[in-house]
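below are the sequence and a predicted model; questions follow.
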Number of protein chains: 2
Amino acid sequence: MEVIKYPNKLNWNIILKRPVLKTEELDNIVLKVLEDIKINGDKAVKKYSKQFDKVDLETFKVNPDEFEQAEQEVDPDLKIAINIAKENIEKFHRSQSISYEEIETTKGVKCWQKAVAIEKVGIYIPGGTAPLFSTVLMLGIPAKIAGCSEIILCSPPNQEGNINPVILYTASIIGITKIFKIGGSQAIGAMAYGTETVPKVYKIFGPGNQYVTAAKQIVSRDAVAIDMPAGPSEVMIMADNSANPAFIASDLLSQAEHGRDSQVILVTTEEDIIETIENEITNQINNLPRKNYAEEALENSKIILVKNDEEMVEIANQYAPEHLIISTIYYREFADKIINAGSVFLGNYTPESAGDYASGTNHTLPTNGYARVYNGTNLDDYVKKITFQEISKEGIVNLGPVIEKMAEAEELIAHKNAVSIRVKNILDIEENNEYPFRIK
Amino acid sequence: MEVIKYPNKLNWNIILKRPVLKTEELDNIVLKVLEDIKINGDKAVKKYSKQFDKVDLETFKVNPDEFEQAEQEVDPDLKIAINIAKENIEKFHRSQSISYEEIETTKGVKCWQKAVAIEKVGIYIPGGTAPLFSTVLMLGIPAKIAGCSEIILCSPPNQEGNINPVILYTASIIGITKIFKIGGSQAIGAMAYGTETVPKVYKIFGPGNQYVTAAKQIVSRDAVAIDMPAGPSEVMIMADNSANPAFIASDLLSQAEHGRDSQVILVTTEEDIIETIENEITNQINNLPRKNYAEEALENSKIILVKNDEEMVEIANQYAPEHLIISTIYYREFADKIINAGSVFLGNYTPESAGDYASGTNHTLPTNGYARVYNGTNLDDYVKKITFQEISKEGIVNLGPVIEKMAEAEELIAHKNAVSIRVKNILDIEENNEYPFRIK
């Protein structure tokens, strides 16, 4: 790791710069796939599955037998673990549900919001050697809690045409049964436009490679919503002299093992701790199956030594990390000052991997500085909030003159008339042709 | 208006089809402007202001004298009206602020969310003959309530180089003082990338023409967030025999006067009411200054006669209107069944124009069917919710085995180690090298 000691604030921008991601070149390839699926449906999906994923399936949909088989194949201890994680994620996401009160803004004018589930959502789970069943929990559970009536899931099959049983098991315990063996940009196209087998959805969630990301961005211009764009995963760790170097090293390695483009940054006020952490990394890295990835990621990683606690906080807020671990003695005070981060892990006994799997928080989080604006996936992402207003006769008489005056100033006279005609009607009937209150 | 009687449900899709909006052709023009601003800052903004808006300004920033002058120029009665609307909008948007509780998901594992304001936001207000000061209220008030530390506003000046005094007055009473006389795609570029005078923001809000919309979509791929894409405004009205035909006509006209591409749809179970409403429209339209717009919009508008209340609800949910007026006797029961709409207006005395200006709800709403997924602007749009977790020694010992098992199954061994190393440390210190609970 590159160690940078007491950098000038003017250079923080350069130090914290993330690699620029280019997706533009893929757009043409992906656009062709999407257009083809829009027109030819299943036939096109079949074609690209064969071309890109090297599988030629008769049917995409996972059938009940496959779920049963998966249920039998998954290690019973893993099932226990998944079910405990599921409960925690449910508890936390259920707590995000809120009911809004009716507000009387002017006498007789009532306004309120109501959260209503997005009817149809699609979840994409990438393939690969290891099954990302934890992401099934993270994206499926809030959809169920929100009450989305149609939840579908696409994931690429292996070359035998199967989806990993742990993914099927995890989906089934949440109650997701419409699963399609489709991967890549063709999965996104199928969910965005619908095919003979795959229902069209209104919003698509889930991580994926650059083709998937490009496809999501393209369909999002076609009236399909998407969750946030996903970039390489990141962690920033703040450590003072209360931090345990071995723990810190293990957290840095957790992030680094994701892949060579992982972003790993340690910020500390303690010069002495740096060497100890580096030695711990050297010790711990040897037994990792993904050692090569971790080593490559660490080559691009940074340890930044800063003057004081204030600079630690400032640098974290400037970077806006996806994951922020605060290993300082007064970590709650630090937490209060964090304004840009995805998910924050407090104290010595809260590793990032707790949030990745089982603490209850969501692990789908904003990368690439998006944490300045976006939050991680939460219940809000599966609902929209409809506003309602109910105005009584008294209310429109009270508020009428305000609306009339403003509509007139914006030169929208029909807007004004819609009020005047109602107020006149009320006052005529009540044989009282004067506003109780009037703006001239 | 075209009257469609008892259409077959299979044809609803076609009847409810909105015109397709094409923005792609503008992309190249807009892209050039944005690239130029990214590189040349103010100089480029100046160039395009001259080229597109025919103004050549020395400085873009509105100075304190201009605010003072505006304050004097605005009609005192309009000021009263704006201030009442401001209070209502504040009341309703303040009620959307929520604090989340700490959840203990497993003994010793605490999780919570915290809403934190997006630091820097930009608001775009279009120019034109009438000043859209109501949109300044709608987009500026929640930014202030959320606590955004930097709020800037761009709006094109007239050919004398001035922004309409009502816009300046409205901004100033909310507390927005960084206002720049810049319009079109160059305003979006200036806010997205920052220039010597205009600060870079993290999220851009506001309506605009097709150039502005295209610019917003392009910068949104460059790590700047935007509010939802804006299409032509829409209203759907549901009416039974309790509806007042004159009121309905006035609401249809309010929407129609926005412009020729306005979408206006009446759904009713009452065949008798249709002719009365059409006659009312003929009467009321004559005195409208924007009669031509309204007439053109009405030519493309539809009156749909349906069999029963259930069909009314179903057609509304299928269309997902930006504005939905429910003029039925049991309007609260109908409201409970609405799952896709931006803002809903209940009963005979709640015209859409109340929500456009002063009831308290936001008037920046999802058009073009986006109401299936998105809500109108609310307080959530100005904050992100950071998740926190704090795990005690007891907590990591309790939850550790779950995380270890799951990380192992996803083949992320460093993730597992980050837990194991902590648990081992705790159990060693406590001279108890057994997990109290273990998944094998």
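Nice, I can see it. As the structure is a prediction and not an experimental result, all values here were calculated from the model. Numbers count the residues shown, from 1 in each chain, chains lettered A, B, ... in the order given.

count of residues packed around the closest residue to A:Leu399 other than its chain neighbours?
Excluding the flanking residues, the one nearest A:Leu399 by C-beta to C-beta, 6 or more residues apart in numbering or on different chains is A:Thr106, at 4.9 Å. Placement of C-beta: from N, CA and C, glycine included. For A:Thr106, the count of nearby residues is 23 (other C-beta atoms under 10 Å in any protein chain shown).

could you give the backbone dihedrals for A:Thr106?
Per-residue torsions, A:Thr106: phi -130, psi 150 (degrees, to the nearest 10).

how about A:Glu234?
Per degrees, to the nearest 10, the backbone of A:Glu234 is at phi -140, psi 150.

A:Glu311: which element?
Following DSSP states H and E, the helix or strand that holds A:Glu311 is helix A:309-319.

list the buried residues in that helix.
For helix A:309-319, a neighbour-count test (16 or more other C-beta atoms under 10 Å in any protein chain shown) marks A:Asp309, A:Glu311, A:Met312, A:Val313, A:Glu314, A:Ile315, A:Ala316, A:Asn317, A:Tyr319 as buried.

before we move on, what about stretch A:166-181?
A:166-172, A:174, A:176, A:178-181.

now those residues as JSON lines including distance to chain B?
Converted to JSON lines, those look like this (distance: C-beta to the nearest C-beta, whole Å):
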{"residue": "A:Val166", "distance to chain B": "6"}
{"residue": "A:Ile167", "distance to chain B": "11"}
{"residue": "A:Leu168", "distance to chain B": "14"}
{"residue": "A:Tyr169", "distance to chain B": "11"}
{"residue": "A:Thr170", "distance to chain B": "10"}
{"residue": "A:Ala171", "distance to chain B": "15"}
{"residue": "A:Ser172", "distance to chain B": "16"}
{"residue": "A:Ile174", "distance to chain B": "15"}
{"residue": "A:Ile176", "distance to chain B": "18"}
{"residue": "A:Lys178", "distance to chain B": "19"}
{"residue": "A:Ile179", "distance to chain B": "19"}
{"residue": "A:Phe180", "distance to chain B": "21"}
{"residue": "A:Lys181", "distance to chain B": "20"}
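
what residues does the stretch 151-300 of chain A have near chain B?
Neighbours of chain B within the stretch 151-300 of chain A, by C-beta under 8 Å from any C-beta of the partner chain: A:166, A:202-203, A:217, A:221, A:223, A:225, A:244, A:246-247, A:250-251, A:253-254, A:256-258, A:284, A:287-290, A:294.

selecting buried members of the residues you listed in ChimeraX, what would you type?
Typed into ChimeraX, the line below selects the buried ones among those, using 16+ other C-beta under 10 Å:
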select /A:166,202,203,217,223,225,244,246,247,250,251,253,254,256,257,258,284,288,290,294
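
three-state assignment of A:Lys114?
Classification of A:Lys114 by DSSP: H, G, I helix; E, B strand; the rest coil places it in strand.

hmm, it is touching A:Lys384, no?
No: A:Lys114 lies out of contact with A:Lys384 (C-beta atoms under 8 Å); the separation is 9.6 Å.

between these two, who's got more neighbours?
A:Lys384 (28 against 18).
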